[in-house]
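Student: Just need the structure, nothing else, for what follows:
(2 chains)
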Amino acid sequence: MQAISERFKISPFLVFFIITDMQIGIGVLGYQRIIAKSAGYDAWISIIIAGIVGHIIIWMMYYILQKTGGNFVESNQRIFGKFIGNALNFILVLYYTALTISVLRTYIEVIQVWMFPELETWAFAAALMLLTIYIVLGGFRVVVGVCFFGIILPAYLIFMFAYTFEYANFRMLLPIFEHAVLDILKATKDMTLTILGFETLLIYYPFIKNPEQSKKWAHLAMLSTTLLYAVIAVITFAYFSEKQLQKHIWPTLSIWKTVEMPFIERFEYIGIANWTIVILPDMCLAIWCASRIMKQITNIRQKHSLVILATLCTIAASFIKTREDVNVLNDIVANIGFYFLYAFVPLMFTIIYVMHKVRKKA
Amino acid sequence: MKKWYYFLFGCFLIMAGGCIRKEILDDINILSAFGYDYVDENKIRGTALISVYETDNISNETFVATSITSKDILEQLQHKSSDPLANGSIEVILYEDKLAKKGIMPIMDTLSRDPSLGTRLYLTVVKGTAKEVLEGKYANRGNGIYLSNLIRQNIEQRDIPKTNLHKFLYAYYSDGRDPFLPYIQRSKDKVKIVGIALFDNDRMVHYIKGDEMFYFKILVDRYTEGTHTIQLENDEYAAIKSIVTNRTFSFSGSKEHPKITVKIKIEGVLYEYSGGHYNKKVKRMIEKSFEKEIIKESGNLIKHLQSHQIDPIGFGDEAKSRYRNFSYKTFYENYPTLDIEVQAKATIIDSGIVE
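Tutor: Now for the predicted structure:
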């Protein structure tokens, strides 16, 4: 393993921005409806449960990384053998590529439905992917810089939710715990796609200066996104009646429709346009991870695999045509992410924990 | 190498920009209001109002088409218009009462589906035809803006409860609440609000007349303004403008058959008192008669709503949030016979600049 030069590394506090930005991607535009489907207006409890589970997974990831010297790809090879380890790593490449496609395609769908129905998917996908390639070529530090601005610049959007208070009816959240525990847990699973994104930590961990110190920032990031999701969900539930919410594919955007300012009649267009800044770092980081793993398991240069993967993303995104297809893609990504986060990471944790204990005794 | 990237990226930006259809303000017809009228069992007539912007005023132009679905009406209107019709700034949508009695959800569907419409647009029911209202000439700001201002100022300062597309859909999709809309009518060169149309699901079943609207508003809205004139015991009159109103519900008894108490609290300013001398005693008397009137009128109103099996106040939702395993079905089966009591507390906090 070659050590990463100090000048390519990032300060530990930037982990906060990477994680929050990866999490607040495309999911936040429409997760309220999905979780309310099974848990009704008790679904905010599911968000908090998902957040707690997320904290545990982050803790496990740090344990894994610290005990194995920080390189997840290599520790896969070490633990499962060269062949199976690399197969697993390759699945990770596919997963991060799929994540990029899903973010890209969902965002283009939003633009097509809300603003420009005639927009050609391939044209916009190609333009965004070119930008992504350009950013990723600048190296990991540039990607992190984009993540930083991806949180800071659109942060003002949170104030737009204040416009709903005029219509809010918080009573409808009562009584609490009206739904069965199983329903609430099912909604927790449905939160996966929205809460996904912090698993990229496994790949960029070697790039953090003093990784020990980044731990608190990672947890803080998890805590703030969980709180943000819970607050937005509660606001949404107060704004829509339950059956009305089920009618809206992107409740967050529908909420922005109610924003009224003297100089802008329809705020959601500003919101959607602004959202590019939020999803751009998502795509950059996901595709960076994919190409980084490629570099480690094959001897293709990262530059080349990056261009190949980006082309693949553009082509794949153009082939996805309807709402249903986009949904299927998102479900697939959410499922892989679910098993990766909640099955594979704990498995790795157990193996390494046991190995460590055994070695200590011997 | 770097230069090549820039060039390629620039090319794509230009290409991507050219892919979108432009909508230049001068080359489109901007709809500012839309009306639906009943023609026969299957057909509706749509009237589109377009604001034509001239140098010093806004004139109105209307297009009329008849068809089965509302999107198809827009299609047919398009045939009559030289510029494409843009519906992004519709302010008001009007429904003829005959149509509203049949149910407006089939034609509402397109409104909730269309991303270009705002959720703050007003829906109203018209006594007479919507076409007749839209064809009038009311002010030189254009009829669309006239109508929306008429409704807005009556919501903000007078006795129409808060209403718009979002509110309507909220109530429509809610199990424990029924929607309502303002009810308007054209009278020569003006449009006036004649009451509030009450809906059962999407069908208008009844309406509240002008003088009951104040009581309806204080029951429906949480914080609101409104003016009302009451007759006092000594045959004098007093006009009161309410500044702060608050209503709270309390439930007791079983969830199938609860006893509901509505507490209304009003703080207001005396606008006019015909009796001349005004002092503490008079103040107390006015407050007392106001309370009595609120209890009587609101009580009657609620009984009326109960007998029509409609719930615009949202008792169902209020009950749901207070009882576990609540069933809307049994609640509404018992709804007409529920015991609903009104209590009122009125305070006059000011009497204007004179004493």
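Student: Relative to residue A:141, how far out is residue A:9?
Tutor: Taking C-beta to C-beta, to the nearest Å as the measure, residue A:9 and residue A:141 are separated by 8 Å. To be clear about C-beta, it is placed using only N, CA and C from the backbone, and glycine gets the same treatment.
Student: Those two: which has the busier surroundings?
Tutor: Applying other C-beta atoms under 10 Å in any protein chain shown to residue A:9 and residue A:141 shows that residue A:9 carries more neighbours, namely 17 against 13.
Student: For the host helix or strand of residue A:95, enumerate the helices and strands it packs against.
Tutor: Element membership for residue A:95 (DSSP states H and E) is helix A:72-114. Applying 3 or more C-beta pairs under 8 Å, 6 or more residues apart in numbering or on different chains; DSSP states H and E, one finds that helix A:72-114 makes contact with helix A:43-67, helix A:121-137, helix A:201-204, helix A:268-297, helix A:302-319, helix A:323-339, helix A:345-361.
Student: Any buried residues in the first one, and which?
Tutor: Just to be clear, that refers to helix A:43-67. A:43-51, A:53-54, A:57-58, A:60-65 (16 or more other C-beta atoms under 10 Å in any protein chain shown).
Student: what's the answer for the last one, then?
Tutor: Along helix A:345-361, the positions that meet the burial threshold by neighbour count (16+ other C-beta under 10 Å) are A:345, A:348, A:349, A:352.
Student: need those in CSV with pLDDT and distance to residue A:133, can you?
Tutor: Listed next are the buried residues of helix A:345-361 as CSV, based on pLDDT from 0 to 100; distance: C-beta to C-beta, whole Å:
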residue, pLDDT, distance to residue A:133
A:345, 89, 29
A:348, 88, 31
A:349, 90, 35
A:352, 87, 35
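Student: Would you reformat these as TSV and include distance to residue B:316?
Tutor: Output for the buried residues of helix A:345-361, formatted as TSV (distance: C-beta to C-beta, whole Å):
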residue	distance to residue B:316
A:345	46
A:348	51
A:349	49
A:352	55
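Student: out of those residues, what pair is the most spread apart?
Tutor: Using C-beta to C-beta, these span at most 10.7 Å, a distance reached by A:345 and A:352.
Student: shared neighbours, those two?
Tutor: Counting by C-beta atoms under 8 Å, 6 or more residues apart in numbering or on different chains, the contacts common to residue A:345 and residue A:352 are residue A:64.
Student: hmm, back to that, got the angle for the helix holding residue A:95 vs helix A:268-297?
Tutor: Interaxial angle, helix A:72-114 versus helix A:268-297 (axes from the mean of the first three to the mean of the last three C-alpha atoms, to 10 degrees): 160 degrees.
Student: so which of the buried residues of helix A:345-361 comes closest to chain B?
Tutor: Distances from chain B to these, taken as C-beta to the nearest C-beta, are shortest for residue A:345 (37.0 Å).
Student: shaky segments in the stretch 151-300 of chain B?
Tutor: Applying pLDDT under 70 to the stretch 151-300 of chain B picks out residues B:223-224.
Student: I meant to write chain A there.
Tutor: Confidence mapping of chain A against pLDDT under 70 gives the ranges A:1-3, A:362.
Student: I'd like to know which residues of chain A are adjacent to chain B.
Tutor: A:113-116, A:118-120, A:123-124, A:126-127, A:130-131, A:134, A:167, A:169, A:171-175, A:178, A:240-244, A:247, A:254, A:257-258, A:260, A:265-266, A:268 (C-beta under 8 Å from any C-beta of the partner chain).
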